[in-house]
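Student: take this sequence and fold it.
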Amino acid sequence: MSKKSDSSITQAAEPATVIDAAPAMESQKISKEENLEFLKEIQENAGQISELKMEEENLVNEFFSCLLRIIKPFSKTLEISVGSLPEKYNERISKACLHITGQMVLVYKHGEVEILNLADEENRELLIDITGEIMLKLKSVINSYKSKTEKRVKFLMWVTKELQEVAKVFSQG
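Tutor: Now for the predicted structure:
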């Protein structure tokens, strides 16, 4: 009995790739010039795709770099509401957290844990889906921190003012 490699098992389980394109024009021959024009357009689009993918990679890296700098003083993770996840996760996930490094921790209802790197290209749609939730959480965390800091400053301002009055009495003496 021969043992199959993991890649052949994976390949056998994957459906055939289907390219979704506009329906072919019936009984219309394409001239050589049209073919050349199509090739030129394909090359331009391929070049633009390459540039866009590089830009996307840079933006995702910068996104997580900024997220790291913003959240680091507050906490290590942001809890993401399950409702903000795509439908395919909603019924199966009990909890989702985003670590500041870009790792999304998904806790399934049956106890299994999955970690997705949202910086990876295959997870970018999920990143886009939860960006609104991330912004809401950042706003909440920063507003809460600001409020706590304001309270401390007001208290310290009052105490310092009172201490200055007491210090005046002793310095006049």
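
Student: quick one, helices of this protein?
Tutor: 6-13, 32-71, 87-90, 124-172 (DSSP state H).

Student: off-centre distance for the third one?
Tutor: Spelled out, it's helix 87-90. With Cα atoms, centre = their mean, to the nearest Å as the basis, helix 87-90 stands 17 Å off its chain's centre.

Student: so can I have CSV of the helices of the chain showing distance to residue 77 and mean neighbour count?
Tutor: For every residue, glycine as well, the C-beta is placed using N, CA and C. Shown next, in CSV, are the helices of the chain (distance: least, Cβ to Cβ, whole Å; neighbours: other Cβ atoms under 10 Å):
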stretch, distance to residue 77, mean neighbour count
helix 6-13, 32, 9
helix 32-71, 8, 12
helix 87-90, 17, 11
helix 124-172, 10, 12
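
Student: which pLDDT value belongs to residue 55?
Tutor: Listed pLDDT for residue 55 reads 95.

Student: follow-up on the earlier one: and the helices of the chain, which one's lowest on average pLDDT?
Tutor: When I compare those, helix 6-13 is least confident, with a mean of 38.

Student: with adjacent residues omitted, what lies nearest to the spatially most central residue of the chain?
Tutor: The centroid of the chain falls nearest to residue 127 when counting by Cα atoms, centre = their mean (3.4 Å). Sequence neighbours aside, residue 118 is the residue nearest to residue 127 in space, at 4.3 Å (criterion: Cβ to Cβ, 6 or more residues apart in numbering).

Student: who's in contact with that neighbour?
Tutor: 60, 64, 98, 102-104, 124, 126-127 (Cβ atoms under 8 Å, 6 or more residues apart in numbering).

Student: can you add distance to residue 72 and give those residues back as CSV?
Tutor: Output for the contacts of residue 118, formatted as CSV (distance: Cβ to Cβ, whole Å):
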residue, distance to residue 72
60, 18
64, 12
98, 14
102, 13
103, 15
104, 18
124, 23
126, 23
127, 19
